[in-house]
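# Predicted model, plus sequence, below.
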Amino acid sequence: MAKVIGIDLGTTNSLVGVVGLGKPTIIPNLMGNRITPSVVRILENGNYIVGENAAKALITDPKNTIAGIKRFMGRYYNEVMDIVPTVPFDVVLGRNNLAMIRCHGVDYSPQVISAMILQYLKTSAEAYLGEEVNQAVITVPAYFSDRQRQATKEAGKIAGLEVLRIINEPTAASMAYGLDRKKNETIIVFDLGGGTFDITILEVGDGVFEVLSNGGDGFLGGNDFDNRIVDWILEEIKLEHGVNLSNNLLALQRIEEAAKRAKCELSELSQTQIKIPYLVKKDGDFINLDLILTLTKFEEICEELFERLIRPCEQAMKDSKLFSSDIDKFILVGGATRMKKVSEIIQRVFKTKPSSSVNPDEAVALGVAIQSGVLGGDVTGILLLDSTSHTVGIETERGITTRIIRKNTTIPTKILDIFSTLLGNQTSVEIHILEGEGKLCIDNRSLGRFILDGIAPAPAGVPQIEVTFDIDANGILNVTAKDKGTGREKSVSVKASTRISDSEVEVFSNILDRNAVSIQKMQLK
Ligand code: AMP
C-alpha cells in the first residue's frame, strides 16, 4: 500500500512526515532540511522555486516572492485589506471578489501558491521514500473557517494529492505528545505560529484524543510582532534621519528581516542590536541603521498583541468547563511561543508553567504523520475525536442567526432542525448559511445561500422544512433542506465561493507537473 504523508502547511514554515516502523519521522526536503520555508518565488517563465532558495529572493525579488500565503487562503479581497500594505508583492481583486497574487502579469490564487509548496513537499517525500505519493493528511489551524479548510483541500488537489483528512494543528501536536501515554491526562495545547493562534484543551490517554474545546485568533501570529518592530524602526528612522521608508520596498524587506531576527533574539536576551548597513542614501550618504531594542520596549510596543492572547484562553477554559487545577500539562507549539512574555501570560492566566516536552517546531508535523499513518493503515489503536471551532447556523427572520451546530461539538456530526415559512403561501425559502458566534447575521461569515422552491402554498408556519447540517471529519460542512410536504430536497456541500474553477485546477495542475519535472532534473545534475 502506498504511503500516506502528513503535511504541516505553516504560514512561515512547512514540514512533511510519515510513519516508518511505527514511529513518526520528519522527511527532509530536497535540500536536506527538515523545515521548509513556506516561500514561493515565481519566475518570469512561469516556473517557480519553493523553500530555502525562494526565501533568499525575499530581498532581491520581493515583488515575485511570496511568503505567508496561508494568511490569504479562503479569504476575500476585502478580508485581507489589513495585510495588503504589509506585503511587497501585488495582491489584486480577482474573480468573485477573491484576493489574487499578481506576479509577472499572471494572477495566482492563494490555493495555487499553496499547491506549489505542497507539491515541493510531495516531491521531497517521493525522493525520500522512493515511491510515488498521492495521498496526504494536511493540518490547518483549529480556528480556520470552513472556507479556509476548503481552500486547503483544494490546494492539495491542485498539487496532485488526495487529501484524506484535514486535521487541526493543536490536535496533531497532542498526538505527538500523547502517542505512547497510557495514563489519561487533560492537556492544553497553546499554538502560536507565524500567522495564527490556537488554543485547544484535550483529554488524551490510551490512544484516545478527545478535544474538549477550541479557541484562538485566526489573525494573530509571529508576523504581527515582526510588523510592530518594523513600525517602530520606521518611526526611529523618521525621527533620527527625517526619512520615510514605508514605501521603499527594498529597504522595507531588509527592515523586516532585521525585525524578525530581533524578535527571535529577544527570546533569549534582554536587548538586541538592530544593524542594517547601507540601508538607504540620504543627501549622497548612506544611512547605516544601528538601534538597540530592549525587551521592555519590545513588550511595550507589542502589548496589545500579547493581551489579545488572553481572551481566547479564558474562553476555551470556560467552554471546557474545567479549572486550571484540572490541567495536567500545558504544551507549547509554534515558534512564536518562544517569546518570553508568552510563558509569563500563561502563568498569569493558568497559574501553571508550560512544559517543554515537545519540540515546538516539529510537534504538529509529527502528529500529522501519526494521523497519516492511521489512515494509511500503519498505525492502529488511535481514536481522534476532534471538534468544531465555530458555530454554524442559518439566517431566520429579522437578520438573526439560528444556531444549528455549536462550536466545540465533536465531529463528524449531523444535526437536523425543522423550520417553516414566514409568510402565507410562501412557495420558496432561502437557506442562508452562516458561521460565527454572533447573534446577528451581519456579525457572522456568510458561507453561502440556496433556494428551496416548490413548497406547496399553505398558511405561514405550516410547511415543515427540514434542514440538516452535517460536518465531516475534516470540519467541512454539508447542508440539506427538505420540504417534508412535497419531499423536495436540495443538498449542497457548502462550496466556498472562494473556490477556483475546475478548469483552473486543471491548468495549474499541469503547470505544477511541468515544474515538478524540472525539480527532478535539477536533482540529477
Ligand atoms: P511556525 O509557524 O511554528 O513555524 O512559527 C513561526 C513563527 O515563529 C515566526 O513568526 C517566527 O519568527 C517565530 N519564531 C521562531 N523562532 C522564534 C524565537 N526564537 N522567538 C520568537 N519567535 C520565533
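In hand now; what should we look at?
# give me every residue that touches Ile292.
Applying C-beta atoms under 8 Å, 6 or more residues apart in numbering, one finds that Ile292 lies in contact with 271-274. (Each C-beta comes from the backbone N, C-alpha and C, glycine too.)
# same check, this time on Glu314
Residues near Glu314 by C-beta under 8 Å, 6+ apart: Val349.
# Repeat that for Leu322.
Contacts of Leu322 by C-beta under 8 Å, 6+ apart are 186, 201, 212.
# repeat for Pro412
When contacts are counted by C-beta under 8 Å, 6+ apart, Pro412 touches 470-473.
# So which of those wins on neighbours?
With neighbours taken as other C-beta atoms under 10 Å, the top of those is Ile471, carrying 23 neighbours.
# ok, now how distant is that residue from Ser174?
Using C-beta to C-beta, to the nearest Å, one obtains 20 Å as the distance from Ile471 to Ser174.
# what do you get for Ser246?
Using C-beta to C-beta, one obtains 41 Å as the distance from Ser246 to Ser174.
# Next: Ser446.
Distance check for Ser446 against Ser174: by C-beta to C-beta, it reads 32 Å.
# And for Val333?
Applying C-beta to C-beta, one obtains 9 Å for the distance of Val333 from Ser174.
# any shared contact partners between those two?
Overlap of the contact sets of Val333 and Ser174 (by C-beta under 8 Å, 6+ apart) consists of Val189.
# With neighbour numbers in mind, choose between those two.
Remark: of Val333 and Ser174, Ser174 carries more neighbours, 31 against 28, as counted by other C-beta under 10 Å.
# close to the ligand, is the helix or strand harbouring that one?
Taking DSSP states H and E as the criterion, the element that holds Ser174 is helix 169-178. No: applying C-beta under 6 Å from any ligand atom, one finds that helix 169-178 is not in contact with the ligand, the shortest distance being 8.9 Å.
# so the next helix or strand after that helix versus helix 169-178, what angle?
Remark: after helix 169-178, the chain's next helix or strand is strand 185-192, criterion DSSP H and E. Orientation of strand 185-192 against helix 169-178 (axes from the mean of the first three to the mean of the last three C-alpha atoms, to 10 degrees) gives an angle of 130 degrees.
# Let me know how buried the residue in the stretch 401-525 of the chain that the ligand sits nearest to is, in neighbour terms.
Among residues of the stretch 401-525 of the chain, the one nearest the ligand by C-beta to the nearest ligand atom turns out to be Gly475. It sits 19.7 Å away. Gly475: 25 surrounding residues under other C-beta under 10 Å.
# Now do the residue nearest to Glu162 when sequence neighbours are not counted: how many residues are near it, please.
Of all residues beyond its chain neighbours, the one nearest Glu162 is Gln135 (4.8 Å), with distances taken as C-beta to C-beta, 6 or more residues apart in numbering. Counted with other C-beta under 10 Å, residues neighbouring Gln135 total 18.
# which other residues reach stretch 358-370?
Residues lying outside stretch 358-370 but in contact with it, judged by C-beta under 8 Å, 6+ apart, are 5-8, 10, 13, 15-19, 24-26, 34-35, 137-139, 167, 169, 171-177, 179, 191, 331-335, 337-338, 379, 382.
# my read: Ser145 touches Asn444, true?
No: shown here, Ser145 and Asn444 do not form a contact pair, counting by C-beta atoms under 8 Å, at 10.3 Å.
# so what's in contact with those two at the same time?
For the pair Ser145 and Asn444, residues contacting each of them under the criterion C-beta under 8 Å, 6+ apart are Glu435.
# Let me see the contact set for the residue in the stretch 201-350 of the chain positioned nearest to the ligand.
Distances from the stretch 201-350 of the chain to the ligand, computed as C-beta to the nearest ligand atom, single out Gly222 as the nearest residue at 2.0 Å. When contacts are counted by C-beta under 8 Å, 6+ apart, Gly222 is found next to 12, 192-195, 260, 263, 334-336.
# Now with 7 Å, please.
For Gly222, the set of contacting residues under the criterion of C-beta atoms under 7 Å, 6 or more residues apart in numbering consists of 12, 192-194, 335-336.
# Tell me where the stretch 301-450 of the chain has strands.
Listed from the start of the chain, the stretch 301-450 of the chain has strands (DSSP state E, counting those that start in this stretch) covering 329-333, 383-385, 392-396, 400-405, 413-419, 429-435, 445-452.
# Deepest-packed of those, please.
Each of the strands of the stretch 301-450 of the chain was assessed for mean neighbour count using mean count of other C-beta atoms under 10 Å. The highest is strand 329-333, with a mean of 23.
# Which elements pack onto it?
Counting contacts by 3 or more C-beta pairs under 7 Å, 6 or more residues apart in numbering; DSSP states H and E, strand 329-333 packs against helix 169-178, strand 185-192.
# For the contacts of Pro412, please prepare CSV with the additional fields secondary structure and pLDDT.
Written out in CSV, the entries for the contacts of Pro412 read as follows (DSSP: H, G, I helix; E, B strand; the rest coil; pLDDT from 0 to 100):
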residue, secondary structure, pLDDT
Asp470, strand, 94
Ile471, strand, 94
Asp472, coil, 93
Ala473, coil, 92
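# Could you list which of these also contact the ligand?
Within the set of the contacts of Pro412, contact with the ligand (C-beta under 6 Å from any ligand atom) is found for no member.
# Check the residues you listed against Ala151 and report the nearest one.
If you rank the contacts of Pro412 by distance to Ala151 using C-beta to C-beta, Asp472 comes first, at 15.9 Å.
# Measure how buried the nearest residue to Gln271 once chain neighbours are set aside is and give me the count.
Nearest non-adjacent residue to Gln271, counting by C-beta to C-beta, 6+ apart: Thr294, 4.3 Å away. By other C-beta under 10 Å, 13 other residues sit near Thr294.
# Likewise for Lys63?
One way to gauge burial is a neighbour count; for Lys63, by other C-beta under 10 Å, it gives 14.
# wait, is Ser14 part of a strand?
Yes: secondary structure assignment places Ser14 in a strand (DSSP: H, G, I helix; E, B strand; the rest coil).
# What subset of the contacts of Gly222 is buried?
Members of the contacts of Gly222 that pass the buried threshold by neighbour count (16 or more other C-beta atoms under 10 Å) are listed as 12, 192-194, 335-336.
# tell me which parts of this structure are close to the ligand?
Taking C-beta under 6 Å from any ligand atom as the measure of proximity, the chain contacts the ligand at 10-13, 193-194, 221-223, 260, 263-264, 267, 334-336, 338-339, 361.
# which residues of this structure fall in helices?
For the chain, applying DSSP state H gives helices covering 52-60, 110-129, 146-158, 169-178, 222-241, 249-265, 295-301, 303-307, 310-320, 340-350, 363-376, 502-524.
# Take these and lay them out in CSV including mean pLDDT.
Supplementary listing: the helices of the chain in CSV, determined by pLDDT from 0 to 100:
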stretch, mean pLDDT
helix 52-60, 94
helix 110-129, 97
helix 146-158, 94
helix 169-178, 96
helix 222-241, 97
helix 249-265, 95
helix 295-301, 98
helix 303-307, 98
helix 310-320, 96
helix 340-350, 94
helix 363-376, 97
helix 502-524, 55
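# so which of those helices gets nearest Arg95?
Across the helices of the chain, the minimum distance to Arg95, taken as C-beta to C-beta, is reached by helix 502-524, at 9.3 Å.
# which of the contacts of Leu322 tops the neighbour count?
For those, neighbours were counted by other C-beta under 10 Å; the highest total belongs to Ile201, with 26 neighbours.
# is it in a bridge, and if so with what?
Taking DSSP bridges, one obtains Ile188, Ser213 as the residues bridged to Ile201.
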